[in-house]
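In: any chance you could fold what I've pasted below:
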Amino acid sequence: MGECAAVIPAKDEGERIGRTVRAVASLPTVGAVIVVDDGSSDDTAQLAREAGADVVVHASNRGKAAAMMTGAEHAWAAGHTDAPVLFVDADLEDSAVELGVLIDPVLSRQADLTIAVLPPQTSAGGGRGFVVRLSRKGIRALTGYEAQQPLSGMRCMTRAAYAAAQPFARGWGVETAMTIDVLRAGLVVREVPCQLHHRVTGADWRGQMHRAAQYRDVALALAVRRLRHRRVER
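Out: I've put the predicted structure just below:
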């Protein structure tokens, strides 16, 4: 496992995708950068190609989890067999150069899944932590693991961890479900401080709708895993 493949799900990220791709590509432990354009209405795909990414396009929006799976499967099919996958949010821009701290523990086999713990962002978000608390409480109840930032999307995982988390939970439940599934498979999860900066969801109606969708998807992912847990206990 000498290098990993970076997968960047993106929708309408034309303003930021080029800088994010170039920052990720500059990491010495990244062997490929795959951008999955998930039904964008702007020039995200073109700008990602111009920045040097291998681009896969969803003709219509299929959601973050589907884009993540498309990117990972594309990386392995393209010859990066069994390489760990680094999932990267498209809006990180230049700060994505800090992602190496997630890759190193996976390449050295100290962890099967690493999760970025972000510092306070330059602008405050509009949320009140309801979704974070829901996710954290659910992870704790099902695994005993105390997650610091359970919704963090920047993650590096081995192919074994990826397999343990299949199929990814829909929509915004993917991170919560992934953490639970990997832990319950007996694999090692580590949260790693990472100096990343991204666009913060605001307090306007769009931000509130986004959080409502997050809450719905996380609650559904937890409900599915509670049911599985009860079946196993029987």
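In: tell me the SS of the residue positioned nearest the centre of the chain?
Out: In the chain, the residue lying closest to the centroid (C-alpha atoms, centre = their mean) is residue 153, at 3.3 Å. In three-state terms, and counting by DSSP: H, G, I helix; E, B strand; the rest coil, residue 153 is coil.
In: mind checking how far it is from residue 186?
Out: Look at residue 153 and residue 186: by C-beta to C-beta, to the nearest Å, they are 24 Å apart. For glycine as for every other residue, the C-beta is placed from the backbone atoms N, C-alpha and C.
In: how many other residues sit next to the closest residue to residue 214 other than its chain neighbours?
Out: Distances taken as C-beta to C-beta, 6 or more residues apart in numbering place residue 172 nearest to residue 214, at 4.2 Å, with adjacent residues excluded. Residues within reach of residue 172, counting by other C-beta atoms under 10 Å, total 24.
In: if I pick residue 172, what's in contact with it?
Out: Counting by C-beta atoms under 8 Å, 6 or more residues apart in numbering, residue 172 touches 64, 131, 151, 213-214, 216-218.
In: so where is this structure shaky, pLDDT-wise?
Out: Residue ranges of the chain with pLDDT under 70: 1-2, 121-128, 199-205, 207, 232-234.
In: how about the backbone phi and psi for residue 32?
Out: Backbone torsions of residue 32, given as degrees, to the nearest 10, read phi -160, psi 150.
In: pull out the buried residues from the longest helix along the chain.
Out: Assignment by DSSP state H gives helix 205-233 as the longest helix of the chain. Neighbour counts over helix 205-233 (16 or more other C-beta atoms under 10 Å) mark 210-211, 214-215, 217-222, 225 as buried.
In: in JSON lines: these, plus distance to residue 157.
Out: Shown next, in JSON lines, are those (distance: C-beta to C-beta, whole Å):
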{"residue": "210", "distance to residue 157": "25"}
{"residue": "211", "distance to residue 157": "26"}
{"residue": "214", "distance to residue 157": "21"}
{"residue": "215", "distance to residue 157": "25"}
{"residue": "217", "distance to residue 157": "20"}
{"residue": "218", "distance to residue 157": "19"}
{"residue": "219", "distance to residue 157": "24"}
{"residue": "220", "distance to residue 157": "22"}
{"residue": "221", "distance to residue 157": "17"}
{"residue": "222", "distance to residue 157": "20"}
{"residue": "225", "distance to residue 157": "18"}
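In: does the residue nearest to the centre of the chain really touch residue 178, like I thought?
Out: No. Using C-beta atoms under 8 Å, residue 153 makes no contact with residue 178, being 10.1 Å away.
In: for residue 131, which non-adjacent residue is spatially closest?
Out: Counting by C-beta to C-beta, 6+ apart, residue 214 is the residue found nearest to residue 131 once chain neighbours are left out, at 4.6 Å.
In: residue 160 now?
Out: Spatial nearest neighbour of residue 160, excluding adjacent residues (C-beta to C-beta, 6+ apart): residue 112 at 6.3 Å.
In: residues contacting that neighbour?
Out: Residue 112 makes contact with 106, 157-158, 160-161, 182, 187-189, according to C-beta under 8 Å, 6+ apart.
In: which of those residues count as buried?
Out: 106, 157-158, 161, 182, 187-189.
In: closest to residue 57 out of these?
Out: Nearest to residue 57 out of the buried ones among the contacts of residue 112 is residue 157 (C-beta to C-beta; 23.8 Å).
In: is it correct that that closest one is in contact with residue 83?
Out: No. The criterion here is C-beta under 8 Å, and residue 157 misses it with residue 83 at 10.8 Å.
In: now the common contact residues for those two.
Out: Shared contacts of residue 157 and residue 83, defined by C-beta under 8 Å, 6+ apart, are absent.
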